[in-house]
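I'd like to go over a predicted model; first the sequence, then the structure.
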Amino acid sequence: MEKNLKGYEIKIENLNKSFGKLEILKDINLTIPQGQFIAIVGHSGCGKSTLLRMIEGLDSQTTGDIFVNDKKVNGVDSNVRFIFQDARLLPWKSVLNNVRIGVKDRDKKKAEEALAHVGLLDRKKVWSGILSGGQKQRVSLARALSGEHSVLLLDEPLGALDALTRLEMQNLIEGLWKEQGFTAVLVTHDVSEAVKLADRVIVIDGNSVKLDLEISLPRPRVKNNDSSYFEQKILNYLMRSDDKTDDFTI
Amino acid sequence: MDRLKKAIRLIVPWLLPIFLIIWWYLATINTTNASIIPAPGKVWNRAVSMIKTGQLQEYTAVSTQRALLGLLIGGGIGLVLAILTGISKTADIILNTTIQMLRTVPVLAAISLMIIWFGIGEAVKVYMVAFGVFFPIYINTYHGIQNVDKGLIEMGKVYGLNQFQLFTNVIFPSALSSILVGLRLSLGTMWLILIAAETIATDAGIGYMAMSARELMQMDKVVLCLLIYALLGKLSDIIARALEFVLLRWQRA
């Protein structure tokens, strides 16, 4: 592995999060080494997005600690980037100026490079509002990846995209991760996406970590029997817990 | 074909005013009480003669100046205060209730108080206008800021924008369309209040012209005043729309 390990280590210790009486996450302990690509999988509402938001410092935990690069998380750190489920572009800015928000010193050249990376350089001058959903998300990816940063948190960024764009974006994210060596945390409910991209997959269910699985497949990954094996294994865990929560009938 | 459609679209809005003027003309041809309903020709002659003496321009200029000064003061204060209460929770708690309460006071009811405080000079008219335009601008700016997409603010924070950058890049542009709605509303209020204030105590301006004409039963002059209000109102609206057109280009994309 030839990576310039500039990614930060993330350490989560005895983390609890509850909304009122509802316990979302209970006693989570997790260490994500420098430069690892980790995927967190779970049903919707299991708290995986909340966990991600707490790593960014957008939400605060009830008890427990999160350390990024040995520093306790306390508010947003610009070295930790976050890609949202929706693109969150500023419609009153052009595509290029939206990307510039993510670049240090608002450097135009770097923003153009990032746009070229996602194949949208020819659209740089248009208002971001007129782009299609997939293009918007590509711009938001360019914005997130244009700066120098050490951690990338992805909150189901590809969920709303069509299958083809999604595949392109997955390759793009993987490529940039290899190139830049940041630590990546991907939250998704798409098991095959997790297996395609991540070094390691975590399953969160019933407010705790149910599975911590190393994905030992070589990259670049293609769908084959080996990947199916991992997917099935993860799915088994997700489905098994499904039976248990079957106490409310429709 | 497209040209024809365009031409029709340009002409159609003017049909009703033209129809009204023709009706007005026909209705006043054979009337016995021409002093109560002045004929269009009389109004036109009055306008021409007043333009020749320069009186009409002078009155319009005086009124416009008062209106704009009031707009600048009231609108400026409204904008700044709304930004303050929109952004700062503390300012919101301290100020907003009071302002929302004052909003329900009819401005015209305060005229007598203002005359006693500020006399009948130039200042009182400007203050009245300022008081009147303050609220539409304040309310709309406040709501515009309150309704900024929280997701965009979160995004701005993640990308390391400081408070000032967050304001200039996210909050203000987002609130701008609402602020411009406030501006358009306040332009309407501006003329309304100014004319009312000018009717009460002045020696120049369109309101003065209307009041003195009424006292002398110069009905053609009164009608001329009404037409000038309509024109000024329309002009303000055109300017406000032009501002929207330029500043909110991204919304039409």
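Good, I have the coordinates.

In a strand, A:Ser60, correct?
No - secondary structure of A:Ser60 (DSSP: H, G, I helix; E, B strand; the rest coil): coil, not part of a strand.

roughly how far apart are the residue nearest to it when sequence neighbours are not counted and A:Gly47?
Spatial nearest neighbour of A:Ser60, chain neighbours left out: A:Met54 (6.9 Å); criterion: Cβ to Cβ, 6 or more residues apart in numbering or on different chains. The C-beta positions use only the backbone N, C-alpha and C, and glycine is treated the same way. For A:Met54, the distance to A:Gly47 (Cβ to Cβ, to the nearest Å) stands at 10 Å.

overlap in contacts of these two?
Residues touching both A:Met54 and A:Gly47 (Cβ atoms under 8 Å, 6 or more residues apart in numbering or on different chains): A:Lys17.

ok, those two, which is more surrounded?
A:Gly47 (25 against 22; other Cβ atoms under 10 Å in any protein chain shown).

Not counting its neighbours along the chain, what's nearest the more buried one?
That would be A:Ile24: by Cβ to Cβ, 6+ apart, it lies 4.0 Å from A:Gly47.

Name the helix or strand for the closest residue to A:Leu58 other than its chain neighbours, please.
Leaving aside its chain neighbours, A:Leu58 sits nearest to B:Glu154 (6.2 Å; criterion: Cβ to Cβ, 6+ apart). According to DSSP states H and E, B:Glu154 maps onto helix B:150-158.

any idea how far the residue nearest to A:Ser60 is from B:Ala39?
Using Cβ to Cβ, A:Met54 is found at 78 Å from B:Ala39.

A:Pro220 too?
A:Pro220 sits 88 Å away from B:Ala39, taking Cβ to Cβ as the criterion.

Which one of those two is surrounded by more residues?
Neighbour count, other Cβ under 10 Å: between A:Pro220 and B:Ala39, B:Ala39 has more, with 17 against 10.

what about stretch B:204-220, distance to the chain center?
Remark: stretch B:204-220 is offset 21 Å from the chain centroid, using Cα atoms, centre = their mean, to the nearest Å.

Now that stretch - C-alpha only, CSV.
Coordinates of each C-alpha in stretch B:204-220 appear next as CSV, following Å, rounded to 0.1, in the frame of the first residue of the first chain:
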residue,chain,number,x,y,z
ALA,B,204,-44.9,72.3,-1.4
GLY,B,205,-45.3,68.8,-2.8
ILE,B,206,-48.0,66.8,-4.4
GLY,B,207,-50.0,66.4,-1.3
TYR,B,208,-50.0,70.1,-0.8
MET,B,209,-51.1,70.6,-4.4
ALA,B,210,-54.0,68.2,-3.9
MET,B,211,-55.1,69.8,-0.7
SER,B,212,-55.0,73.4,-2.0
ALA,B,213,-56.7,72.5,-5.2
ARG,B,214,-59.5,70.9,-3.2
GLU,B,215,-60.0,74.0,-1.1
LEU,B,216,-60.3,76.1,-4.3
MET,B,217,-62.5,73.5,-6.0
GLN,B,218,-60.0,73.0,-8.8
MET,B,219,-61.1,69.5,-9.6
ASP,B,220,-58.9,69.2,-12.7
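
State the mean pLDDT of that stretch.
For stretch B:204-220, the mean pLDDT works out to 87.

got the buried residues for it?
For stretch B:204-220, a neighbour-count test (16 or more other Cβ atoms under 10 Å in any protein chain shown) marks B:Ala204, B:Gly205, B:Ile206, B:Gly207, B:Tyr208, B:Met209, B:Ala210, B:Met211, B:Ala213, B:Gln218, B:Met219, B:Asp220 as buried.

And stretch A:69-77, by the same measure?
Quick answer for stretch A:69-77 (16+ other Cβ under 10 Å): A:Asn69, A:Val73, A:Val76, A:Asp77.

May I have that stretch as CSV, with CA atoms only?
Extracted as CSV, the C-alpha positions of stretch A:69-77 are listed here (Å, rounded to 0.1, in the frame of the first residue of the first chain):
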residue,chain,number,x,y,z
ASN,A,69,-6.3,13.0,15.4
ASP,A,70,-6.2,12.7,19.2
LYS,A,71,-8.2,15.9,19.7
LYS,A,72,-11.5,15.8,21.3
VAL,A,73,-14.3,16.8,18.9
ASN,A,74,-15.8,20.1,19.9
GLY,A,75,-17.4,21.8,17.0
VAL,A,76,-16.7,21.7,13.4
ASP,A,77,-13.1,21.3,12.2
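
quick one: contacts of that stretch?
A:8-9, A:11, A:54-58, A:65-68, A:79, A:150, B:157-158, B:160.

try it again with 6 Å
Surrounding stretch A:69-77, the residues in contact under the criterion Cβ atoms under 6 Å, 6 or more residues apart in numbering or on different chains are A:Tyr8, A:Gly57, A:Asp65, A:Ile66, B:Lys157, B:Val158.

now stretch B:142-158
Residues from elsewhere that reach stretch B:142-158 (Cβ under 6 Å, 6+ apart): A:Val76, A:Phe82, A:Arg88, B:Ala82, B:Gly86, B:Leu166, B:Val170, B:Ile171, B:Ser174, B:Ala175, B:Ser178, B:Ile179.
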